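A.B. asks: coords below, sequence missing:
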């Protein structure tokens, strides 16, 4: 029997669904949690919320945040192997609704905060790249760059993404 290992940072989303024959108790839903563990440091994250399902929403695609999660990005070592444990909890709907006001809200609402952060990192990368071409000819607070700069940035960005899909999420001090 062969075992295959996959780096969790390459898993941005998890699909989870209830089978059509699944009958939840009335006024209940399902919470999906994960716990990450490192064999190298013997540390774990504790269980963190991924999202929720109900009879009204029996399936979902949940953002893991593993590609940018501090636990994975700070525990990089040649011999480090991560394991992910999934947990499922059947809870009253009122408990699930209460979580939308907690730190788990991004998971339940579709990872909005993470997506905003993602977009900001891309925009910062573009801004820093374009700023390097500013010839200083514009008024203060404005940038003047050659027309082809955006096309070059896009080509460079796509090339870097093929090499490392999370390159722009790494904080190297300048956002590039």
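C.D. replies: On my side now, so go ahead. Here the structure is a predicted model, which means the values were calculated and not measured.

A.B. asks: List phi and psi for residue 42.
C.D. replies: The phi and psi values for residue 42, taken as degrees, to the nearest 10, are phi 60, psi 30.

A.B. asks: How many residues are close by residue 31?
C.D. replies: The tally of other residues near residue 31 (other Cβ atoms under 10 Å) stands at 21. Bear in mind the C-beta positions are built from the backbone N, C-alpha and C, glycine included.

A.B. asks: secondary structure element for it?
C.D. replies: Using DSSP states H and E, residue 31 falls within strand 28-38.

A.B. asks: quick one: contacts for the residue nearest to residue 95 when sequence neighbours are not counted?
C.D. replies: Using Cβ to Cβ, 6 or more residues apart in numbering and skipping the chain neighbours, the partner closest in space to residue 95 is residue 31 (8.0 Å). Residue 31 makes contact with 49, 51-52, 88-89, 91, 95-96, 99 under the criterion Cβ atoms under 8 Å, 6 or more residues apart in numbering.

A.B. asks: please redo it, this time with the cut-off set to 7 Å
C.D. replies: 49, 52, 89, 91, 96 (Cβ atoms under 7 Å, 6 or more residues apart in numbering).

A.B. asks: So of these, which two are at opposite extremes in space?
C.D. replies: Within the contacts of residue 31, 49 and 91 form the most distant pair, 11.0 Å apart (Cβ to Cβ).

A.B. asks: who's more crowded, these two?
C.D. replies: Legend: neighbour count by other Cβ under 10 Å for residue 49 and residue 91, higher for residue 49 (20 against 17).

A.B. asks: how much space is there between the residue nearest in space to the middle of the chain and residue 79?
C.D. replies: What sits nearest the mean C-alpha location of the chain, by Cα atoms, centre = their mean, is residue 65, with 2.6 Å. Relative to residue 79, residue 65 is positioned 24 Å away (Cβ to Cβ, to the nearest Å).
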